[in-house]
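Asks: Turn this into a structure:
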Amino acid sequence: MIGVIAGFVIGLGLAGLAFWLAGGGLIGLGLGTVCAVLGYVAGSTLLQPERRLGKVVVSALPNGQKAAAAIDDANTMLNRVGMLARQVRDPQVRAEADDFIAATRDLTRYVSTDTSAYATLRHYTNVYGDQTAKLLKSYVDVEQSGAHDQLPVAQRETVEALQVLERAAAGELSRAVSAKTLGIAADSEAIQRLARMDGYAAEDEDRPAVTPGASAEGERKP
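Replies: Numbering: from 1, shown residues only. From the prediction side, this is the model:
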């Protein structure tokens, strides 16, 4: 909103200046109009607050722009699925749809904190997004058709598909986080190796080895 107001003010100011410098008339009017448009575009673009993921601006994050685009695509898909889910009458189908949405939001939220996982979210959205919306749209059509004999089959198939989709979302999240877990393991191993080189060892390595029964034998000595 600030960028729009600033663009309008800048455009108006440039238009007045151009009209005055041109001496008025049709030429001044034409130049003023051009300057107004250019000033508005420049002002609204340059003064527009930069997109953030969490508390960090997108441009400062690795793959920030790609991650933001993947998140936007996922949110668009989720809004579409959510609108269809609200039209579902069957409580079990609606509950499964809500679980799918929640699982996908977990994946989306993770990408906002670890932008390197954007490819996983983009793959998930591209592969499952349209299919999920198509599935729910077809189920809603069956419910609204009045063909009650078709509802049991449609309900069963839709629930099974949504359950698979929920597991897929959880699996993609696990896959995305696994890269971070492997990184932690590698960092931990490197730290321990460096510490051993400096003469330090892990806590359990500092303790002397105790053979079974050693304590009991010590107690029997006079």
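
Asks: In the host helix or strand of Arg122, which of the residues would be classed as buried?
Replies: Element membership of Arg122, judged by DSSP states H and E, is helix 118-145. For helix 118-145, burial by neighbour count (16 or more other C-beta atoms under 10 Å) applies to 118, 120-122, 124-125, 128-129, 132-133, 135-136, 139-140, 142-143. From N, CA and C alone the C-beta is placed, and that goes for glycine too.

Asks: and it, average pLDDT?
Replies: The average pLDDT for helix 118-145 rounds to 91.

Asks: burial count for the residue nearest to Gln155 when sequence neighbours are not counted?
Replies: Spatial nearest neighbour of Gln155, chain neighbours left out: Asp90 (5.6 Å); criterion: C-beta to C-beta, 6 or more residues apart in numbering. Residues near Asp90, counting by other C-beta atoms under 10 Å, number 16.

Asks: ok, now Ser116?
Replies: By other C-beta under 10 Å, the residues close to Ser116 number 16.

Asks: Then Ala70?
Replies: Ala70: 25 surrounding residues under other C-beta under 10 Å.

Asks: go on, Arg175?
Replies: Neighbourhood size, Arg175 [other C-beta under 10 Å]: 14.

Asks: sec struct for it, please.
Replies: Arg175 carries the three-state label helix when classified by DSSP: H, G, I helix; E, B strand; the rest coil.

Asks: quick one: it and Thr120 touch, right?
Replies: Yes: using C-beta atoms under 8 Å, Arg175 is in contact with Thr120, at 6.1 Å.

Asks: you'd agree Lys180 is up against Asp114?
Replies: Yes: between Lys180 and Asp114 there is a contact at 6.3 Å, judged by C-beta under 8 Å.

Asks: Now stretch 65-80: average pLDDT?
Replies: 88.

Asks: which parts of that stretch are buried?
Replies: Buried residues in stretch 65-80, counted by 16+ other C-beta under 10 Å: Lys66, Ala67, Ala68, Ala70, Ile71, Asp73, Ala74, Met77, Leu78, Arg80.

Asks: Same check on stretch 106-119?
Replies: Buried-residue list, stretch 106-119, by 16+ other C-beta under 10 Å: Leu107, Thr108, Tyr110, Val111, Ser112, Asp114, Thr115, Ser116, Ala117, Tyr118.

Asks: who's in contact with stretch 144-158?
Replies: Contact with stretch 144-158 is made by Asp90, Gln92, Val93, Glu96, Leu135, Leu136, Ser138, Tyr139, Val142, Glu143, as judged by C-beta atoms under 8 Å, 6 or more residues apart in numbering.

Asks: and of those residues, the nearest to Arg193?
Replies: Distance to Arg193 across these (C-beta to C-beta) is lowest for Glu96, with 47.8 Å.

Asks: What ranges does this protein have for its helices?
Replies: Per DSSP state H, the chain carries helices over the ranges 2-21, 25-46, 64-85, 91-113, 118-145, 151-197, 203-206, 214-220.

Asks: Pick out the shakiest of those, pLDDT-wise.
Replies: Among the helices of the chain, helix 214-220 scores lowest, at a mean of 46.
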